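Chemist: Here you go, sequence then predicted model.
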Amino acid sequence: MGLKMKKSIKIIATVLPLFFSGIISYAQLIYKSDQFDRVIEEKKGDVQILEGLSKEQLNIFKPHITSYFKTLEYNYKDSLYLFSTEINKKVQDIAESIYNANQDRFTQKPFFILSTSDQPNAFCDFNGIMVVNTGLIELVDDEHQLAFVIAHELAHFILKHAETSMSKALGVLGSSEFKGKIKEIKRMEYNKVKKFENLMKDLAIKTSSHSRELESDADALAVELLKNTRFNLSKAIKVMEVLEEVDWFYENVQYNLSALYGTSEFPLDNIFLTDPDKGFSFFQQQTEKEKKLQDSLHTHPDCAERYKTLQGSISNDSKTSNEDELFSNIKELSADITLKRLLKKRALAYSYSRILYLEKNQNWAKEYQVYKANIFNQFSEAQKKHRLNSLCPKKSPNMPEAFKEFVVFIHNQSVKDFAKHALVHILNTPIELLSKELADDIKQAFEVCEDEALKIKVASHYKRKFLDFNF
């Protein structure tokens, strides 16, 4: 094992226990970078993508470029981007390996940003700014799979797919057919908004079919980019199987609510699951066009078919890597940072869904038990102040069925119900997973819950590990 590897493992071994114990908090992570400020200013002056456009096309597209940079700067100020972590170093290491092996293909060196977004995605913009989300890193299996995603996005950049997509969009927006439909909508007395929405959905469907061709081209070039690197292609393309399932992680979560929030001694009342009215927003059902649009805008389209194509284009790769054990720590750290970002933003329903997904799919997700009671105590406080909608969305037809059941369950609870379910969850937590952080959540729930038998059970369960705590 090389000195560099030993040093990296030592850093991870030191940092992870501190992070999970609370010594290193979300607020202590680094969200500022002088390099970021400098690069963004340089990129603002580099607008080659606008060269050669007509005045009319500039009027259409220039505001989008301005909005793009404002979004980057807003996300930066909002601490969405993270710097100087082991995750940054890993992403940079993978990217540098790909870039160094293929420098002749690049017109400029890409600039990489690590985002704490929960979306399982990465993207490279027209100017070489590439964003990789921790919500993606936590879900890929190894560094080979992450390398394929990065290579795929770099392929989009090399092939100038942003410019191609822009030309396609400008062609549609500048067409006489589109302009005629806009004039027709302006002359209408009623339903202007609905008509305009339908027009934009048609536009999205047309351009997305074109983008799928670009995805296949980027896949093919990604394979070429990885051939001269340390990454195993046979392992790398398996990321397609991962991406096929993770566009909306809560689609894959099965909520066994009776088991999660009930025991044989303290069963869950079925009224929380069967009331069809509470937690329901009266939206229209999706039309066929809307379903087609939702499918066409899938973050990772046609992954199963693309995987088959890729399998046929490569031979078995025998390359090995010493980084796989280290990468599992990178995944764990990414998952914790992603979750803490969601919790900080108080997106509690999605946070809870993410916890259940990780518990089901990752062996190391046991650390997240500590968050569950806290989430339900926050639900309790919000319900008390009639602000539950801000933490948990109401049911809508577009949600996966399992998630609909979950949000109905949440909106059917009273303040006392939330406290009771938080305590039942703690009672269901194995003793070895109990932590000192749960003490405050137990005390908070005790102040609201009126089930004395449950409170005695929870106190007895907790004291089996922490004798010095009094409730």
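Modeler: Received, thanks. Numbers count the residues shown, from 1 in each chain.

Chemist: now Asp78: how far from Lys344?
Modeler: Separation of Asp78 from Lys344 (C-beta to C-beta, to the nearest Å) stands at 10 Å. (Glycine included, C-beta is placed from N, CA and C.)

Chemist: should've said Lys443
Modeler: For Lys443, the distance to Lys344 equals 22 Å [C-beta to C-beta].

Chemist: Following the record's annotation, map out the domains of the chain.
Modeler: Segmentation of the chain into domains, based on automatic domain parsing, reads 31-139+142-237, 244-300+321-471.

Chemist: Format these as CSV; extra columns: mean neighbour count.
Modeler: Shown next, in CSV, are those (neighbours: other C-beta atoms under 10 Å):
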stretch, mean neighbour count
domain 31-139+142-237, 17
domain 244-300+321-471, 17
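
Chemist: Turn those domains into TSV, including mean pLDDT and distance to Leu310.
Modeler: What follows is the domains of the chain, written out as TSV (pLDDT from 0 to 100; distance: least, C-beta to C-beta, whole Å):
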stretch	mean pLDDT	distance to Leu310
domain 31-139+142-237	84	4
domain 244-300+321-471	78	13
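
Chemist: Show me the one of those that comes nearest Gln311.
Modeler: Among the domains of the chain, domain 31-139+142-237 comes nearest to Gln311, with 6.9 Å by C-beta to C-beta.

Chemist: Need the distance between the two termini of that closest one.
Modeler: For domain 31-139+142-237, the first-to-last residue distance is 32 Å (C-alpha to C-alpha, to the nearest Å).

Chemist: before we move on, what about stretch 338-351?
Modeler: 9 Å.

Chemist: Stretch 312-330 now?
Modeler: 31 Å.

Chemist: Could you do stretch 425-437 as well?
Modeler: For stretch 425-437, the first-to-last residue distance is 15 Å (C-alpha to C-alpha).

Chemist: quick one: that stretch to chain centroid distance?
Modeler: Remark: stretch 425-437 is offset 27 Å from the chain centroid, using C-alpha atoms, centre = their mean, to the nearest Å.

Chemist: Which element, helix or strand, includes Phe123?
Modeler: Using DSSP states H and E, Phe123 falls within strand 122-124.

Chemist: ignore the last one, Leu427
Modeler: In the assignment (DSSP H and E), Leu427 maps to helix 415-428.

Chemist: Show the subsequent helix or strand relative to that helix.
Modeler: Counting by DSSP H and E, the next helix or strand C-terminal to helix 415-428 is helix 438-448.

Chemist: Report the next helix or strand after that next one in sequence order.
Modeler: Sequence-wise, the next helix or strand downstream of helix 438-448 (DSSP H and E) is helix 452-463.

Chemist: and that next one with helix 438-448, angle?
Modeler: Counting by axes from the mean of the first three to the mean of the last three C-alpha atoms, to 10 degrees, helix 452-463 lies at 170 degrees to helix 438-448.

Chemist: Tell me the helices and strands packed up against helix 452-463.
Modeler: Judged by 3 or more C-beta pairs under 8 Å, 6 or more residues apart in numbering; DSSP states H and E, helix 452-463 is in contact with helix 415-428, helix 438-448.

Chemist: so what secondary structure elements neighbour the first one?
Modeler: Helices and strands in packing contact with helix 415-428 are listed as helix 369-384, helix 438-448, helix 452-463; criterion 3+ C-beta pairs under 8 Å, 6+ apart.

Chemist: any residues touching the longest one, and which ones?
Modeler: Applying C-beta atoms under 8 Å, 6 or more residues apart in numbering, the contact partners of helix 369-384 are 339, 343, 346, 348, 351-352, 355, 388, 390-392, 410, 413-416, 418-419, 421-423, 425-426, 429, 433, 435, 437-438, 441-442, 444-445, 448.

Chemist: okay, the angle between it and helix 438-448?
Modeler: 30 degrees.

Chemist: could I get helix 369-384 in CSV with only the CA atoms?
Modeler: Taking Å, rounded to 0.1, in the frame of the first residue of the first chain, the C-alpha atoms of helix 369-384 are listed here in CSV:
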residue,chain,number,x,y,z
GLN,A,369,-31.6,5.6,13.4
VAL,A,370,-30.8,8.7,15.5
TYR,A,371,-32.6,11.0,13.1
LYS,A,372,-36.0,9.4,13.0
ALA,A,373,-37.3,10.3,16.4
ASN,A,374,-36.0,13.9,15.9
ILE,A,375,-37.9,14.1,12.6
PHE,A,376,-41.2,13.1,14.3
ASN,A,377,-40.6,15.5,17.1
GLN,A,378,-40.2,18.3,14.5
PHE,A,379,-43.5,17.1,12.9
SER,A,380,-45.1,17.4,16.3
GLU,A,381,-43.9,21.0,16.9
ALA,A,382,-45.0,21.9,13.3
GLN,A,383,-48.4,20.4,13.8
LYS,A,384,-48.8,22.3,17.1
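
Chemist: Next SSE downstream of that helix?
Modeler: Elements were assigned by DSSP H and E; along the chain past helix 369-384, the next helix or strand is helix 401-411.

Chemist: Which elements pack onto that following helix?
Modeler: Other helices and strands packing on helix 401-411, by 3+ C-beta pairs under 8 Å, 6+ apart, are helix 257-260, helix 271-274, helix 348-361.

Chemist: any chance of those in JSON lines, with distance to Ile60 too?
Modeler: What follows is those, written out as JSON lines (distance: least, C-beta to C-beta, whole Å):
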{"stretch": "helix 257-260", "distance to Ile60": "49"}
{"stretch": "helix 271-274", "distance to Ile60": "50"}
{"stretch": "helix 348-361", "distance to Ile60": "34"}
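
Chemist: Indicate which one of the ones you listed is closest to Leu58.
Modeler: helix 348-361 (38.8 Å).

Chemist: how far away is Lys404 from Cys392?
Modeler: Lys404 sits at a distance of 12 Å from Cys392 (criterion: C-beta to C-beta).

Chemist: what comes into contact with stretch 101-113?
Modeler: Here stretch 101-113 makes contact (C-beta under 8 Å, 6+ apart) with 36, 39, 43, 81, 91-92, 95, 99, 124, 128-132, 154, 157-158, 224-225, 228-229.

Chemist: nearest spatial neighbour of Ser414, skipping sequence neighbours?
Modeler: Closest residue to Ser414 apart from its sequence neighbours, by C-beta to C-beta, 6 or more residues apart in numbering: Gln383 at 6.7 Å.

Chemist: what's the spacing between the one you found and Asn428?
Modeler: 22 Å.

Chemist: and if you look at Glu56?
Modeler: 63 Å.

Chemist: same deal with Lys183?
Modeler: 62 Å.

Chemist: who are the neighbours in contact with Glu447?
Modeler: Ala419.

Chemist: ditto for the one 3 residues further on
Modeler: Each residue near Glu450 by C-beta under 8 Å, 6+ apart is listed here: Lys416.

Chemist: rerun that using 10 Å as the cut-off
Modeler: For Glu450, the contacting residues are 416, 419-420, by C-beta atoms under 10 Å, 6 or more residues apart in numbering.

Chemist: Ok, Asn127 next?
Modeler: So Asn127 contacts 39-40, 42-44, 46-49, 65, 68-69, 108, 110-111, 157, 162 (C-beta under 10 Å, 6+ apart).

Chemist: Where strands are concerned, which of these count?
Modeler: Applying DSSP state E to the contacts of Asn127, the entries found in strands are Phe111.

Chemist: Now Tyr388. Nearest residue, chain neighbours left out?
Modeler: Check again: residue 388 is Leu, not Tyr. Closest to Leu388 by C-beta to C-beta, 6+ apart is Ala382, at 4.7 Å.
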